[in-house]
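Trainee: fold the following, please.
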Amino acid sequence: MSASPARLLVMLYDRLLLDLARAQTAQQSESWEVARENLLHAQDIIGELAGSLNVDAWDGAQNLLGIYNYTGTALMNANIYRNVELTRECITILEPLRQSWHDAAAQPLASAPIGHLGTLA
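Mentor: Model prediction:
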């Protein structure tokens, strides 16, 4: 509860990628219930990220929202159709964003624009 907004965002991304890695492993071993739980949690996190995004704060926000919308739909389909390729695709898309948020959170706040949760954009 004492984490800064930037740290909370990084934590969300870290958990999102952990859920996706677990889902991918479960899909590969046909552990469908485990895959389902992790994919649903990942979808919840994507929804939280999309809902916290201030699309008026910076020029790229609409594009980021598009990525969230796409990956949310892809994860839903990965779950419904038991499609590990869609899960892998989402990992490929979201991992660089996770790293970017880690990098941004390490920068001084004074020079950073506002985006998610009133944090770095």
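
Trainee: so which elements touch the top helix by length along the chain?
Mentor: Counting by DSSP state H, the longest helix found in the chain is helix 5-28. Packing contacts for helix 5-28, counted by 3 or more C-beta pairs under 8 Å, 6 or more residues apart in numbering; DSSP states H and E, involve helix 32-52, helix 61-80, helix 84-105. Where you see a C-beta, it was placed from the backbone N, CA and C, and this is true even at glycine.

Trainee: what inclination does the shortest one have with respect to helix 32-52?
Mentor: If I follow you right, that is helix 61-80. 160 degrees (axes from the mean of the first three to the mean of the last three C-alpha atoms, to 10 degrees).

Trainee: where does pLDDT dip in this protein?
Mentor: 1, 109-121 (pLDDT under 70).

Trainee: counting neighbours, what do you get for residue 34?
Mentor: Other residues lying near residue 34 total 15 when counted by other C-beta atoms under 10 Å.

Trainee: verify the stated contact: it with residue 19.
Mentor: No - look at residue 34 against residue 19 with C-beta atoms under 8 Å: they stay out of range, at 10.7 Å.

Trainee: give me the common contacts of those two.
Mentor: In terms of C-beta atoms under 8 Å, 6 or more residues apart in numbering, residue 34 and residue 19 are not both contacted by any residue.

Trainee: mind putting the helices and strands packed on helix 5-28 in JSON lines, distance to residue 12 included?
Mentor: Below are the helices and strands packed on helix 5-28 laid out as JSON lines (distance: least, C-beta to C-beta, whole Å):
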{"stretch": "helix 32-52", "distance to residue 12": "6"}
{"stretch": "helix 61-80", "distance to residue 12": "12"}
{"stretch": "helix 84-105", "distance to residue 12": "9"}
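
Trainee: what does the longest helix of the chain contact?
Mentor: With contact meaning C-beta under 8 Å, 6+ apart, helix 5-28 is reached by 3, 32, 34-35, 38-39, 41-42, 45-46, 48-49, 52, 75, 78, 82-84, 87-88, 90-91, 94-95, 97-98, 101-102, 104-105, 109, 116-120.

Trainee: equivalent analysis for stretch 66-78, please.
Mentor: Residues outside stretch 66-78 that contact it (C-beta under 8 Å, 6+ apart): 20, 23, 27, 39, 42-43, 46-47, 49-50, 53, 83-87, 89-90, 93-94, 97.
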